[in-house]
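Student: structure for this input, please:
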Amino acid sequence: TWMLLAFPTAIVINLVEWFYLVMVYKPQKAQVRIPEQDTDTLEPWGLKHTYVCGITLLTIILWTIQETFPDVLGHVGITSLIPVITFFGSGIMDITDFHKIRWSTLALMGGGLALGEAMKLSGLLDLVGVMGPALAKISLWPLLFIFLLFAAILGSLINSTSTASILYPVI
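Tutor: Modelled structure (predicted):
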């Protein structure tokens, strides 16, 4: 349901933003030339490329249906391990690739998941969810402004995953 609303909305917003940027920053050239690349260094499409695309697509699909089948799929962190295990286990990625991963990014993602889980277990999400009936009395546009302001403040203090997990029960 969420994707049925969000995907077309995102497409329309991106097109409007693109049109606005073209109008404001009027491109000087009608055609951008991309320098030729050495295609000899690129290996032709093969089974390995198909495998990586398939695992990536599978992971995205599992993330999308995670909330629908929580008993079968478990925690979202388990689903996130699928590409790690399959890419490193199959030899597509090796230890040098592992050392190139930015640990600050992984810590931010893990911290967001841990914070979201802590809010669920502590009952904070249930407390925030109690506000739902009170907010139902407010008209649409002021309510949207309140949520956007709340999301902007929370998003600047904590990551977007935790912000979404706080706002989801209220919405």
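
Student: which residue ranges of the chain form helices?
Tutor: In the chain, the helices defined using DSSP state H lie at 2-24, 47-64, 70-73, 76-89, 95-100, 103-122, 124-129, 132-135, 140-157, 160-170.

Student: any residues touching the second one, and which ones?
Tutor: Pointing back at helix 47-64 there. 3, 73, 76, 79-80, 82-83, 86-87, 90, 92 (C-beta atoms under 8 Å, 6 or more residues apart in numbering). To be clear about C-beta, it is placed using only N, CA and C from the backbone, and glycine gets the same treatment.

Student: which residue in those has the weakest pLDDT?
Tutor: Within the contacts of helix 47-64, pLDDT reaches its minimum at Val76, with 74.

Student: mind checking how far that one is from Leu157?
Tutor: 22 Å (C-beta to C-beta, to the nearest Å).

Student: more neighbours, those two?
Tutor: Val76 (16 against 9; other C-beta atoms under 10 Å).

Student: leaving out sequence neighbours, find the closest residue to the more buried one.
Tutor: Once flanking residues are discounted, Val76 sits nearest to Gln66: 5.4 Å by C-beta to C-beta, 6 or more residues apart in numbering.

Student: need the contact list for that neighbour.
Tutor: By C-beta under 8 Å, 6+ apart, the contact list for Gln66 reads 73, 76, 79.

Student: as CSV, the residues you listed with distance to Ile153 would be great.
Tutor: As requested, these are exported to CSV (distance: C-beta to C-beta, whole Å):
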residue, distance to Ile153
Leu73, 32
Val76, 25
Thr79, 30
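
Student: of those, closest to Leu135?
Tutor: Of all those, Leu135 sits closest to Val76, with 26.8 Å by C-beta to C-beta.

Student: gap between the closest one and Val130?
Tutor: For Val76 relative to Val130 (C-beta to C-beta), the value is 25 Å.

Student: likewise Thr9?
Tutor: Separation of Thr9 from Val130 (C-beta to C-beta): 28 Å.
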